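Enquirer: have a look at this fold, sequence not included:
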């Protein structure tokens with residue numbers, strides 16, 4: 001499988017995973033592979049509640065919640081890649 005196909009597959013997988021776990025998906029997911037690195041760029045992925053918190057200078061709560069959720073998702077992503 002070439003890098004372009006793999007990048008597209010990873011982007012789709014990450015988009016679905018986020019949609020399943022956060023209740024809504026991101027606007028776009030871009031994946032770039034440059035061995036040995038994989039970079040994933042996610043756009044438009046704030047919920048209305050998160051936007052409100054950020055507007056009220058409470059972004060620390062958004063960051064903490066996202067960090068906790070991403071720890072779980074990180075394990076799923078690692079497990080799938082094997």
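Expert: Nice, thanks for sending it over. Values in this document were obtained by computation on a predicted structure and should not be read as measured data.
Enquirer: so where's the longest helix in this protein?
Expert: helix 59-81 (DSSP state H).
Enquirer: contacts for it next, please.
Expert: Contacts with helix 59-81, where a contact means CB atoms under 8 Å, 6 or more residues apart in numbering, come from 13, 14, 17, 18, 21, 22, 46, 50, 53, 54. (Glycine included, C-beta is placed from N, CA and C.)
Enquirer: of those, buried ones?
Expert: 13, 14, 17, 18, 50, 53 (16 or more other CB atoms under 10 Å).
Enquirer: which of these fall in helices?
Expert: Counting by DSSP H, the buried ones among the contacts of helix 59-81 place 13, 14, 17, 18, 50, 53 in helices.
Enquirer: tell me the phi and psi of the residue located most distally from the centre of the chain?
Expert: Distance from the centre of the chain peaks at residue 56, with 23.8 Å (CA atoms, centre = their mean). Backbone torsions for residue 56, taken as degrees, to the nearest 10, come to phi -100, psi 20.
Enquirer: equivalent analysis for residue 25, please.
Expert: For residue 25, the backbone dihedrals are phi -90, psi 170 (criterion: degrees, to the nearest 10).
Enquirer: test my guess that it contacts residue 18.
Expert: Yes: counting by CB atoms under 8 Å, residue 25 does reach residue 18; the two are 5.7 Å apart.
Enquirer: okay, and the common contacts of these two?
Expert: With contacts defined as CB under 8 Å, 6+ apart, the residues shared by residue 25 and residue 18 are residue 45.
Enquirer: any idea how far residue 55 is from residue 66?
Expert: As for residue 66, its distance to residue 55 is 17 Å (criterion: CB to CB, to the nearest Å).
Enquirer: so which of these two has more stuff around it?
Expert: Neighbours per residue (other CB atoms under 10 Å) separate residue 66 from residue 55, with residue 66 holding more: 15 against 9.
Enquirer: from residue 6, how far off is that one?
Expert: 26 Å.
Enquirer: right, I'll leave it there.
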